[in-house]
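Trainee: attaching a predicted model along with its sequence, questions to come.
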Amino acid sequence: MPEFKALHIITGLGVGGAEQQLRLLLRHLPVDCDVVTLTNPGTVADGLTADGVRVVHLGMTGNRDLSALPRLVRLIRSGGYDLVHTHLYRACVYGRTAARLAGVRAVVATEHSLGETQLEGRALSAGVRALYLASERLGRTTVAVSGPVADRLRRWGVPEPRIEVVPNGIDVARFRFDPVTRERTRRRLGLPEGAYVVGGIGRLTAGKRFDVLIGALAHLPGDCWLLLVGGGPEENVLRRAAQRAGVTDRVLFTGERPYEPDGTPVSDLPALTSAMDVLASPSPEEAFGLALVEGLAAGLPVLYASCPAIEDLPPRSAEARRVRGGADAFAHALAQTRALAEARSSCPPSRTVSVAARHYCITRSAAQLMDVYAAAVSCSSPSPSPLGVTV
């Protein structure tokens, strides 16, 4: 297809799955792309800048900061963009509207975080749904990151022809297991030799239910540890939960992974997954389950409550097990997983990349998205604006 220029609009660029997925995707898209963040030009913005991507902070002060809309319209017009791609709820509402006012009709949005009862970790309401659907009509295509998200969009009333499924992708080679890195990282973290490490990766929010893993740890032997990778508003709540459960000395919090000036994480996520023995996710609502796919790429066994990325695959294509229930159920599943690993243990430890992880290679996702872009740009001939204004 002919060359064109694209603008990605996202609500914020702090550490999060959608934000980091955008950075990885831009490394593999053969398109000239800029990025606008409505709020919070955080550590992912630093990483994008290190990658050579132009990042603009719009300075939006809140959900109802309507003064951001004309600023965004001017920015889109001045940039001469052929396509606008929005990410996350607020950016979709404002970005789609601004793109149409600026005269761009090739408008694509990715729905990263739509659950059955939550959107981006917040409870859904009739107002949120109505505004979402109203702004969705201003776009050309809505990309769902998994089959279940596409199903939810259909039930909401988004027309079938407007929905495309493009799964999230990962850099498979980056997560390849390295036994030397494993030992070095475990020593740096202060883990005792022979410790069995349960990992949890994600924002520390109530919806992720990491308290379930803390409760499970209390039922496991004293050589079991919990490594929680990520930051968020529930960190102090989880620390208190660990104290009440009597496992404070066996729970490690890494916080958000900061970046060096060149965009390289100070403590690389693949190094932390190498230090783990199993990855667990008790979150009951996931739109995709990116961290779990990354765990599979590191050769980890995975336990999960919800993971569309795994559930979309044929049975037994990944070393993963769904766990239904709370702390007791996860404790039982973790004990079984450990026993199975010890029964077939090798020394030094070795792990192979799961077939499931290869299925979600970022190059495949980028190629699928380029097909969506090509269709959107080719269909962007002038038409009356649905906003009822001249554009």
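Mentor: Okay, I see it. Numbering: from 1, shown residues only.

Trainee: domain-wise, how is the chain divided?
Mentor: Annotated domains of the chain cover 5-169+361-378, 172-359 [automatic domain parsing].

Trainee: ok, of the ones you listed, where does mean pLDDT dip lowest?
Mentor: Among the domains of the chain, domain 172-359 carries the lowest mean pLDDT, a mean of 88.

Trainee: now the terminal residues of that domain, how far apart.
Mentor: Domain 172-359 has an end-to-end distance of 10 Å (Cα to Cα, to the nearest Å).

Trainee: when you give positions from now on, start the count at 15
Mentor: With the count now opening at 15, the last piece we talked about shows up as domain 186-373.

Trainee: isn't Val159 right up against Val180?
Mentor: Yes: Val159 lies in contact with Val180 (Cβ atoms under 8 Å); the separation is 7.0 Å. (Each C-beta comes from the backbone N, C-alpha and C, glycine too.)

Trainee: neighbour count: the two, which is higher?
Mentor: Using other Cβ atoms under 10 Å as the criterion, Val159 and Val180 rank with Val159 on top: 28 against 22.

Trainee: ok, and the closest non-adjacent residue to the more buried one?
Mentor: Leaving aside its sequence neighbours, Val159 sits nearest to Phe302 (Cβ to Cβ, 6 or more residues apart in numbering; 4.5 Å).

Trainee: okay, now the one you found: neighbour count?
Mentor: Phe302 - counted by other Cβ under 10 Å - has 25 other residues nearby.

Trainee: and what of Val70?
Mentor: 17.

Trainee: and if you look at Glu130?
Mentor: A total of 11 residues lie near Glu130 under the criterion other Cβ under 10 Å.

Trainee: over to the one 3 residues further on?
Mentor: Residue neighbour count, defined by other Cβ under 10 Å, stands at 21 for Leu133.

Trainee: tell me who's in contact with it.
Mentor: Listed by Cβ atoms under 8 Å, 6 or more residues apart in numbering, the contact set of Leu133 reads Tyr103, Ser127, Val142, Tyr146.

Trainee: is the last one in contact with Val107, as I believe?
Mentor: It stands for Tyr146. Yes: using Cβ under 8 Å, Tyr146 is in contact with Val107, at 7.3 Å.

Trainee: could you pull out the strands in the stretch 165-314 of the chain for me?
Mentor: Along the stretch 165-314 of the chain, the segments classed as strands by DSSP state E, counting those that start in this stretch run 177-179, 210-215, 238-243, 265-267, 292-295.

Trainee: which elements pack onto the last one?
Mentor: Counting contacts by 3 or more Cβ pairs under 8 Å, 6 or more residues apart in numbering; DSSP states H and E, strand 292-295 is packed against strand 210-215, helix 304-311, strand 316-318, helix 341-357.

Trainee: which of these sits most buried?
Mentor: Using mean count of other Cβ atoms under 10 Å, the stretch among these with the greatest mean number of neighbours is helix 304-311 (a mean of 27).

Trainee: so what does that one touch, helix or strand wise?
Mentor: Using 3+ Cβ pairs under 8 Å, 6+ apart: helix 304-311 touches helix 31-40, strand 210-215, helix 283-289, strand 292-295, strand 316-318, helix 322-325, helix 369-373.

Trainee: of those, give the one that comes closest to His346.
Mentor: strand 316-318 (10.3 Å; Cβ to Cβ).

Trainee: give me the sheet partners of that closest one and which way each runs.
Mentor: Using DSSP bridges, the strands paired with strand 316-318 in its sheet are strand 292-295 (parallel), strand 334-336 (parallel).

Trainee: out of those, which gets nearest to Asp60?
Mentor: Per Cβ to Cβ, nearest to Asp60 of those: strand 292-295, 26.6 Å.

Trainee: give me the residues contacting the closest one.
Mentor: For strand 292-295, the surrounding residues in contact (Cβ under 8 Å, 6+ apart) are 210-216, 222, 227, 230, 287, 303, 305-306, 309, 314-321, 337, 344, 348, 351-352, 355.

Trainee: output the strands paired with strand 316-318 in TSV; the columns should cover mean neighbour count and distance to Ser392.
Mentor: Below are those laid out as TSV (neighbours: other Cβ atoms under 10 Å; distance: least, Cβ to Cβ, whole Å):
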stretch	mean neighbour count	distance to Ser392
strand 292-295	26	39
strand 334-336	17	39
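
Trainee: distance to Tyr387 for these - can I get that in a markdown table?
Mentor: Output for the strands paired with strand 316-318, formatted as a markdown table (distance: least, Cβ to Cβ, whole Å):
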| stretch | distance to Tyr387 |
| --- | --- |
| strand 292-295 | 31 |
| strand 334-336 | 32 |
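
Trainee: so which of those is nearest Thr53?
Mentor: So among these, strand 292-295 is nearest, using Cβ to Cβ, at 27.0 Å.
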